[in-house]
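Participant: Sequence plus the predicted model coming up.
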Amino acid sequence: MSHGKQFTLYTHKRGPNGWKVAIVLEELGLTYESIYFDFKQGEHKASEHTNYNPNGRIPTIIDHANADYVLWESDAILYYLVEHYDPLHRVSVSEAGDKFHQLQWLFFQSSGQGPYFGQAAWFIRYHHEQLPSAQERYKAEIRRVLGVLESVLEKQQWLVGGIVTIADLAFVPWNDIAIPAFVDFDFAAEFPATAAWHDRLHARPSVKKIVETRAAVNAA
């Protein structure tokens, strides 16, 4: 089977973790084909996907230029991409100490931002009954995560090494969902440094392109 693009990206039209990977692929100028699973049809749990990703969740990548190397878990994918395809460190750091801080922020995004923001979405939008206590818990977690970011970004423009990296870009898609939908306070007033950082990230061509692509595929 021939592949016109270097990467296959198994993803979802709305799932933020897949868009995170797409942003970094764009940043690095890597070619990819996105395959959007229909979650209602259970396509992500079908063997065509679980043969690659036993967790049956998105995203999953196949790197056809590297012997069809398969990887899942979004922040592991981001780390793989910069380790293999960012020799000029356009969106990654080079110094050993900074690399651990970059990894630290990726872990915080995957363990702190993603799950809590996702639970907020679930209990506010999708749960079969309204549970105000659960909703308030996860809204409070959104505020806590933003507070952690604010405590760092009020002192510096970017999270690691004085440059934009995958550590920053990893936060964009979940913030895009949570800030307009679940933040019931003045985001820019309460977290001004984080709001300015979010705006700087959105000014990047890669993020602009993915925001437009996401809107287009969801409108189709």
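Facilitator: Alright, I've got the coordinates.

Participant: can we go C-alpha only for contacts and neighbour counts from here?
Facilitator: OK.

Participant: K99: what's it in contact with?
Facilitator: Applying C-alpha atoms under 8 Å, 6 or more residues apart in numbering to K99 gives the contacts V93.

Participant: three-state assignment of it?
Facilitator: helix (DSSP: H, G, I helix; E, B strand; the rest coil).

Participant: any idea how far V148 is from it?
Facilitator: To V148, K99 is 20 Å away according to C-alpha to C-alpha, to the nearest Å.

Participant: so where's the longest helix in the protein?
Facilitator: The longest helix of the chain (DSSP state H) is helix 132-153.

Participant: Which other helices and strands does the least confident helix or strand in the chain by mean pLDDT contact?
Facilitator: Least confident helix or strand, the chain: helix 114-121 with a mean of 74, by mean pLDDT, DSSP states H and E. Applying 3 or more C-alpha pairs under 8 Å, 6 or more residues apart in numbering; DSSP states H and E, one finds that helix 114-121 contacts helix 132-153, helix 172-182.

Participant: Which one of the ones you listed lies nearest to D68?
Facilitator: For the helices and strands packed on helix 114-121, proximity to D68 was assessed by C-alpha to C-alpha; helix 172-182 is nearest, at 26.7 Å.

Participant: For the closest one, buried residues please.
Facilitator: Of the residues in helix 172-182, V172, P173, W174, N175, I177, A178, I179, F182 count as buried by neighbour count, 16 or more other C-alpha atoms under 10 Å.

Participant: Stretch 60-79 too?
Facilitator: Using 16+ other C-alpha under 10 Å as the burial criterion, the residues of stretch 60-79 that qualify are 60-64, 70-75, 77-79.

Participant: And for stretch 212-220?
Facilitator: Residues of stretch 212-220 classed as buried by neighbour count (16+ other C-alpha under 10 Å): R214.

Participant: quick check: mean pLDDT across that stretch?
Facilitator: The average of the pLDDT scores along stretch 212-220 is 94.

Participant: Same check on stretch 4-15?
Facilitator: For stretch 4-15, the mean per-residue pLDDT is 95.

Participant: could I have that stretch exported to CSV, CA atoms only?
Facilitator: Taking C-alpha atoms only, stretch 4-15 is exported to CSV below (Å, rounded to 0.1, in the frame of the first residue of the first chain):
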residue,chain,number,x,y,z
GLY,A,4,1.0,10.0,-0.5
LYS,A,5,1.7,11.5,2.9
GLN,A,6,4.4,10.7,5.4
PHE,A,7,2.0,10.3,8.3
THR,A,8,-1.4,8.8,8.9
LEU,A,9,-3.2,10.5,11.8
TYR,A,10,-6.2,8.6,13.3
THR,A,11,-8.2,11.3,15.0
HIS,A,12,-11.6,12.8,15.6
LYS,A,13,-13.3,16.0,14.2
ARG,A,14,-13.7,17.5,17.7
GLY,A,15,-11.3,15.6,19.9
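
Participant: Buried residues of it, list them for me.
Facilitator: Buried residues in stretch 4-15 (16+ other C-alpha under 10 Å): Q6, F7, T8, L9, Y10, T11, H12, K13, G15.
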